[in-house]
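> Fold the following.
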Amino acid sequence: MSEDRYLTFALGKGRLANKTLELFEEIGITCEEMKDKNSRKLIFVNEDLRLKFFLAKGPDVPTYVEYGAADMGVVGRDTVLEENRNVYEVLDLGFGKCRMCVCGPASARELLLHHERIRVASKYPNIAKDYFYNKKHQTVDIIKLNGSVELGPLVELSDVIVDIVETGSTLRENGLEVLEEVCPLSARMIVNPVSMQMETERIKDLVGRIRARLEEKRV
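Numbering: from 1, shown residues only. Model (predicted):
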């Protein structure tokens, strides 16, 4: 492909985007336009490096990447798993670390142990379904919630919840605890499969530089 083509990045808004841009700066990729907090722009460009960046809501990032509106994206692994889009996951960026867990009152431990048919509330119905049906082989009823899922067991909407746990303080405050771990999570770099073929060199070079920088920081 011609060097004139821009590589486009979709970044999950918020902390993830900030951490990603910090990492990019460490390997010499800057985007001054993005530092202007008052900017109304939606797409930011680094003309010298032929790169474009835009911010998107986390769940939309894999969609932009799958359909080729972005060549690459950075988003939490929870979103990659939940959205289940046709993208390549090429790099674990190591930040935004947390866990996806089954949580509930201590009394719910027995229900999990005996594979009872229970109700599970989650913002992540696909991850919950995959875990219970394919890994635990337990039949459950999954209820999708968008807000504070911790409410589920408290108002007896559900027996347990499947949610992201960072410190666990919200759980403890509400008399809930981690009962099982589903999977570890962190920020991931994803790539559109067609872009990977068309821009192999540029993408491999970029991923290689980021990987090298992450390894330096671990030392």
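
> Spatially central, which residue of this protein would that be?
Nearest to the geometric centre of the chain sits residue 76, at 1.5 Å (Cα atoms, centre = their mean).

> And that one, how close does it get to residue 210?
Separation of residue 76 from residue 210 (Cβ to Cβ, to the nearest Å) stands at 17 Å. In this view, the C-beta of every residue, glycine as well, is placed from N, C-alpha and C.

> what does residue 21 give?
Here the criterion is Cβ to Cβ. By it, residue 21 lies 12 Å from residue 210.

> Then residue 22?
Going from residue 22 to residue 210 by Cβ to Cβ gives 12 Å.

> So these two - more neighbours on which side?
More crowded of residue 22 and residue 210, by other Cβ atoms under 10 Å: residue 210, with 20 against 10.

> ok but the more buried one is inside a helix, no?
Yes. Secondary structure of residue 210 (DSSP: H, G, I helix; E, B strand; the rest coil): part of a helix.

> quick one: it and residue 23 touch, right?
Yes. Residue 210 lies in contact with residue 23 (Cβ atoms under 8 Å); the separation is 6.6 Å.

> between the two, what contacts are shared?
Common neighbours of residue 210 and residue 23 (criterion: Cβ atoms under 8 Å, 6 or more residues apart in numbering): residue 93.

> Okay, strands next: where are they in the chain?
For the chain, the strands defined by DSSP state E occupy 7-12, 43-46, 51-56, 72-76, 88-92, 98-104, 118-122, 140-144, 160-165, 177-185, 187-191.

> for the third one, packing partners?
Judged by 3 or more Cβ pairs under 8 Å, 6 or more residues apart in numbering; DSSP states H and E, strand 51-56 is in contact with strand 7-12, strand 43-46.
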